[in-house]
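**Q** quick one, what's the 3D model for this:
(chains A and B)
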Amino acid sequence: MNGYGIKAIYFFELARTWRTLMQSIASPVLSTSLYFIVFGSAIGSRIVEIDGIGYGAFIIPGLIMLTILTESTSNASFGIYMPKFTGTIYEILSAPVSTLEIVIGYVGAAATKSIILGIIILATARFFVDYSIEHPFWMLGFLVLTSLTFSLLGFLIGIWANSFEQLQIIPMMVITPLTFLGGSFYSITMLPEFWQKVTLLNPVVYLVSGFRWSFYGSADVHVGISLGMIAVFITLFAGIIAWMFKTGYKIKS
Amino acid sequence: MQPIIAIENIQKTYKSGFKALNGVSLTIQPGEIFALLGPNGAGKTTLIGTVCGLVRPSGGRITVDGLDIHDNYREVRQRIGLVPQELAVSMFESVWDTVKFSRGLFGCKPNDDYLAELLKNLSLWEKKDTNIMALSGGMKRRVLIAKALAHEPRVLFLDEPTAGVDVELRRDMWSMIRKLREQGVTIILTTHYIEEAEDMADRIGVISKGEIILVEQKHDLMQQLGKKTLTVHLAEPLDKIPELLANYDISISDDSLSLIYQYSTADQQDGVAPLLEKLASLNIGYQDLSTKQSSLEEIFVSLVAEKVEAAQ
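**A** As a prediction, this is how the structure comes out:
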């Protein structure tokens, strides 16, 4: 195992976060605060409790998920796309590092950043609403696993993308809509029965539901299914990345 | 002596069907400077990329220090440093951060003293805290060299190291390359500049259309490459070559108004002055003289033509 290699990639990627502090951390925190003000305080005060939870507190897990999913994906995709774009990937590919070590470095850094963001948003939420965390270890577990899963997705998007437009297309056109429609701002039990069944096709439902369970002990789907879905995503994304490196897909000629 | 690099029958065919390497075999000895010459698209960069793990070969085998580049990729890559042709370097990092990154990436323990010495040798120490984007093109190329040397490799590949750099920097780089060789580093460089190969290399290989056309000691090849043509524009037409000039590689132009003399710069006896003295003794007057040295491109063409002829 090339520990120095992993460390080099990991800290290089984290250094990028500090170089772009406003874009990396301040911007997501600001936009999440705006969500709390608009949905939590302004509109939320006129919405009845859901499952016995005030609306402002109800949306906290969904808002954190929204940020984690989009930030993990964009950060990890940008992290590996930039070396491809600038040509500096030659150094990674000619170094004595395995695929696993490269993935640990890049994905680990993107996930770390998302976890830090999630915790900052959680702390920010305290300024707007009162909330409790029923299962704090599970909450942390879901935070880490979801960050890892979507950083893996971002990493494979970064390898796949041929342009900055393609880099943005999945987070903007797929992940954000799925998160909004995945019960971030409502319980899926509030939907008509037909749409409840359709919504179950949305994988983000299982992530938001599991995460909300760790906060309030209530969920739209069983927490075991949520964990199972995360395992499926991790296996799927890791498998695709392994295939990409094995075949040299869009990396090696 | 076991070669530091042994390339056996390497083939590379891209998905488009383009055959970039067609059965290349080559051995590089430890501590030598090997210059790989060839026109654009000859396969130089593909060959280097294959050894360094950037290009997947379609066939053949490569060993570095006796280790297979696939089975022992960690040990092999640890031994190799690569300076690419393009200025591919992360623009927003400082010089110091980028060389530290490279050392770590190649699995080496931090060694700030070594990196400081390296930057001083490359005249980069004053710029160590400068963002790379603020450096000149020549300085960026030095940074690439520093990155390639950050993990103390035994073999250094330099792909067109002096392309687009000014004469002063080119001389600096040649001097640096010689110093590296003195430290025991094996150097393989690709170049378009014949003078670069002439000045530095121990051996020269010529590649064309994915095949190694020849590999020779520099001295032998320079004799071949150092041929010049002298054209003597005569005052009056000449029908035939006088007997006194029979030993010279000389011919008369179609209009009988010029003598065309092929000679080697390396051979003093065949030089221009003795010929002119003989022309004077023969009372052959001339109006003008012009000399021309074959360009590298022409030499490649002639080498390829010779190879095709030999094959037929």
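**Q** so what are the domain limits for chain B?
**A** Per automatic domain parsing, the structural domains of chain B span B:5-92+B:152-223, B:227-293.
**Q** chain A contacts on the stretch 51-200 of chain B?
**A** Contact residues, the stretch 51-200 of chain B versus chain A (C-beta under 8 Å from any C-beta of the partner chain): B:52-56, B:73-78, B:80, B:82, B:84, B:86, B:88-93, B:97, B:100-109, B:147. Just so you know, the C-beta spots here come from the backbone N, C-alpha and C atoms, and that holds for glycine as well.
**Q** which among the residues you listed end up buried?
**A** Among these, those buried by neighbour count (16 or more other C-beta atoms under 10 Å in any protein chain shown) are B:52-55, B:73-74, B:76-78, B:80, B:82, B:84, B:88-90, B:93, B:97, B:100-108, B:147.
**Q** show me what the helix or strand of chain A at the bottom of the mean pLDDT ranking is packed against.
**A** Lowest by mean pLDDT, DSSP states H and E among the helices and strands of chain A is helix A:21, with a mean of 72. Using 3 or more C-beta pairs under 8 Å, 6 or more residues apart in numbering or on different chains; DSSP states H and E as the contact test, no helix or strand touches helix A:21.
**Q** now the element after it, going C-ward?
**A** As assigned by DSSP states H and E, the chain's next helix or strand after helix A:21 is helix A:27-35.
**Q** against which helices or strands is that following helix packed?
**A** Right, helix A:27-35 is packed against helix A:55-86, helix A:99-125 by 3+ C-beta pairs under 8 Å, 6+ apart.
**Q** show me the residues of the stretch 51-200 of chain B next to chain A that map onto helices.
**A** Per DSSP state H, helices hold the following members of those: B:52, B:73-78, B:97, B:100-105, B:147.
**Q** just for the stretch 151-300 of chain B, where's the confidence low?
**A** For the stretch 151-300 of chain B, residues meeting the criterion pLDDT under 70 lie at B:164, B:221-226, B:265-270, B:294-300.
**Q** who's in contact with the residue in it that chain A sits nearest to?
**A** Among the residues of the stretch 151-300 of chain B, B:H151 lies closest to chain A, at 8.6 Å counting by C-beta to the nearest C-beta. B:H151 sits next to B:78, B:81, B:102-103, B:105-108 when contact means C-beta atoms under 8 Å, 6 or more residues apart in numbering or on different chains.
**Q** just give me the closest of the residues you listed to A:I119.
**A** B:L105 (29.3 Å; C-beta to C-beta).
**Q** quick one, strands of the stretch 151-300 of chain B?
**A** If DSSP state E, counting those that start in this stretch is used as the criterion, the strands of the stretch 151-300 of chain B fall at B:155-159, B:186-191, B:203-208, B:211-217, B:227-234, B:250-252, B:258-264, B:286-293.
**Q** what strands flank the third one, and is each parallel or antiparallel?
**A** Meaning strand B:203-208. Using DSSP bridges, strand B:203-208 pairs in its sheet with strand B:33-37 (parallel), strand B:211-217 (antiparallel).
**Q** any buried residues in the helix or strand containing B:K140, and which?
**A** Element membership of B:K140 [criterion: DSSP H and E] is helix B:137-149. In terms of neighbour count (16+ other C-beta under 10 Å), helix B:137-149 has its buried residues at B:138-149.
**Q** adding pLDDT, write the contacts of B:H151 out as a markdown table.
**A** As requested, these are exported to a markdown table (pLDDT from 0 to 100):
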| residue | pLDDT |
| --- | --- |
| B:Q78 | 93 |
| B:G81 | 93 |
| B:S102 | 94 |
| B:R103 | 95 |
| B:L105 | 94 |
| B:F106 | 93 |
| B:G107 | 92 |
| B:C108 | 92 |
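**Q** which single one of these is nearest to B:R181?
**A** For these, the residue nearest B:R181 by C-beta to C-beta is B:G81; the value is 13.6 Å.
**Q** from the centroid of chain A, which residue is nearest?
**A** Closest to where the C-alpha atoms of chain A average out (C-alpha atoms, centre = their mean) is A:L69, at 2.4 Å.
**Q** would you agree that residue is in contact with A:I175?
**A** Yes: A:L69 lies in contact with A:I175 (C-beta atoms under 8 Å); the separation is 5.3 Å.
**Q** what sits in contact with each of those two?
**A** Shared contacts of A:L69 and A:I175 (C-beta under 8 Å, 6+ apart): A:150, A:204.
**Q** which residues of the stretch 51-200 of chain A lie near chain B?
**A** Residues of the stretch 51-200 of chain A lying near chain B (C-beta under 8 Å from any C-beta): A:83, A:86-88, A:90-97.
**Q** now, of those, which are buried?
**A** Buried among those by 16+ other C-beta under 10 Å: A:83, A:88, A:90-97.
**Q** of those residues, closest to A:L140?
**A** Looking across those and measuring by C-beta to C-beta, the closest to A:L140 is A:V97, at 29.0 Å.
**Q** list the contacts for the closest one?
**A** A:2, A:5-6, A:9, A:105, B:105, B:107.
**Q** just the buried residues from those, in ChimeraX please.
**A** The ChimeraX command for the buried members of those (criterion: 16+ other C-beta under 10 Å) is given here:
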select /A:2,5,6,9,105 /B:105,107
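**Q** including distance to B:I188, could the contacts of A:V97 go into TSV?
**A** Putting the contacts of A:V97 into TSV (distance: C-beta to C-beta, whole Å) gives the following:
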residue	distance to B:I188
A:N2	25
A:G5	24
A:I6	29
A:I9	27
A:G105	29
B:L105	21
B:G107	22
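**Q** which of the contacts of A:V97 lies closest to A:G118?
**A** Proximity of the contacts of A:V97 to A:G118 was ranked by C-beta to C-beta; the top entry is A:G105 with 20.7 Å.
**Q** check contacts around the closest residue in space to that closest one that isn't next to it in sequence.
**A** Closest residue to A:G105 apart from its sequence neighbours, by C-beta to C-beta, 6 or more residues apart in numbering or on different chains: A:I9 at 2.7 Å. By C-beta under 8 Å, 6+ apart, A:I9 lies in contact with A:92, A:97, A:101-102, A:105-106, A:109, B:105.
**Q** pretty sure A:I9 sits in a helix.
**A** Yes: using DSSP: H, G, I helix; E, B strand; the rest coil, the assignment for A:I9 is a helix.
**Q** neighbours around the residue in the stretch 101-250 of chain A that chain B sits nearest to, how many?
**A** Per C-beta to the nearest C-beta, A:G248 is where the stretch 101-250 of chain A lies closest to chain B, at 5.5 Å. If you count neighbours by other C-beta atoms under 10 Å in any protein chain shown, A:G248 ends up with 13.
**Q** can you tell me which residues contact it?
**A** Listed by C-beta under 8 Å, 6+ apart, the contact partners of A:G248 are B:R56.
**Q** contacting residues around B:A146?
**A** Contacts of B:A146 (C-beta under 8 Å, 6+ apart): B:95, B:99, B:102, B:118-119, B:122, B:124.
**Q** how about A:S226, secondary structure?
**A** Note that with three-state DSSP, the state of A:S226 is helix.
**Q** quick check, pLDDT for the closest residue to A:Y131 other than its chain neighbours.
**A** Nearest residue to A:Y131, sequence neighbours excluded (C-beta to C-beta, 6+ apart): A:A57, at 4.2 Å. Per-residue confidence (pLDDT) for A:A57: 81.
**Q** number of nearby residues for A:A57?
**A** So A:A57, with other C-beta under 10 Å, has 20 neighbours.
**Q** ok, now A:V38?
**A** 11.
**Q** separation between it and A:I59?
**A** Distance of A:V38 to A:I59, computed by C-beta to C-beta, to the nearest Å: 10 Å.
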